[in-house]
Each structure stands twice: as structure tokens, then as C-alpha cells.
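In: Okay, sequence plus prediction incoming.
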Amino acid sequence: MDLDAVEKGVLEKLIFEETFENIIQECQYLALPNVIADVLKFLIQHKLVVAKYPTETKKTKAGFMYDSDRMKDYTYQATAKGIRNLNY
């Protein structure tokens, strides 16, 4: 899968689990926040990124449901497929 510069830039920030706020802050030089949010949704849809939600034990868990209207409630991390697409 060919990724454009913004998609690749966002994916590079997700080697480790990150909050939505951190992604927006770290990628502000790439695009506007609404564009970064759309890119993140695209990466999730193509299974390059997984959205995780907090549990009672303060750890996070990948869920089968994802509410794109509440992006700040999740953390995000690149999947193995996503890391392979970075071509490191």
C-alpha cells in the first residue's frame, strides 16, 4: 500500500501508543488537526493502526468497536501491518 507524506508521518508517530492530543501536537507541521483526524481514521480502516480504550486496571485494550466522534477517548498504535508499510 502506498502512503502519502501525511499518512506516513502520522504512522511514524505511532510506533508506541499515543493519545489523540499527542498525535495532533506532534503532527501539526504535517497538516491541520481535522486532516490528521481523517488520516488516522483512514489508517484504522486499513488496519494499519489500532484504537485502544482504557480498562479498569489503567491498561489499554484493543476494542472491536471504535467511536470516531470521540477520538480523544482512545489511544492509538501502529499494527504490525502498519509498521511493515513504513518500509524501515
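Out: Sure thing, it's come through.
In: which secondary structure element contains the residue lying closest to residue 74 once chain neighbours are set aside?
Out: Leaving aside its chain neighbours, residue 74 sits nearest to residue 51 (4.3 Å; criterion: CB to CB, 6 or more residues apart in numbering). Placement of C-beta: from N, CA and C, glycine included. Assigned by DSSP states H and E, residue 51 belongs to strand 49-54.
In: Paired strands for that strand, with orientation please.
Out: strand 60-62 (antiparallel), strand 75-78 (antiparallel) (DSSP bridges).
In: before we move on, back to that, tell me who's in contact with the residue nearest to residue 74.
Out: 44, 62-63, 66, 74-76 (CB atoms under 8 Å, 6 or more residues apart in numbering).
In: so residue 12 touches residue 86, yeah?
Out: Yes: contact criterion CB atoms under 8 Å: residue 12 and residue 86 qualify, at 6.4 Å.
In: if I look at the spatially most central residue of the chain, how far off is residue 32?
Out: Centroid-nearest residue in the chain, with CA atoms, centre = their mean: residue 76, separated by 4.4 Å. Per CB to CB, to the nearest Å, residue 76 is found 18 Å from residue 32.
In: Tell me where this structure has helices.
Out: Counting by DSSP state H, the chain has helices at residues 5-12, 20-26, 33-45, 80-85.
In: Nearest approach to residue 70 belongs to which of those?
Out: Residue 70 sits nearest to helix 20-26 of all the helices of the chain, at 9.5 Å, using CB to CB.
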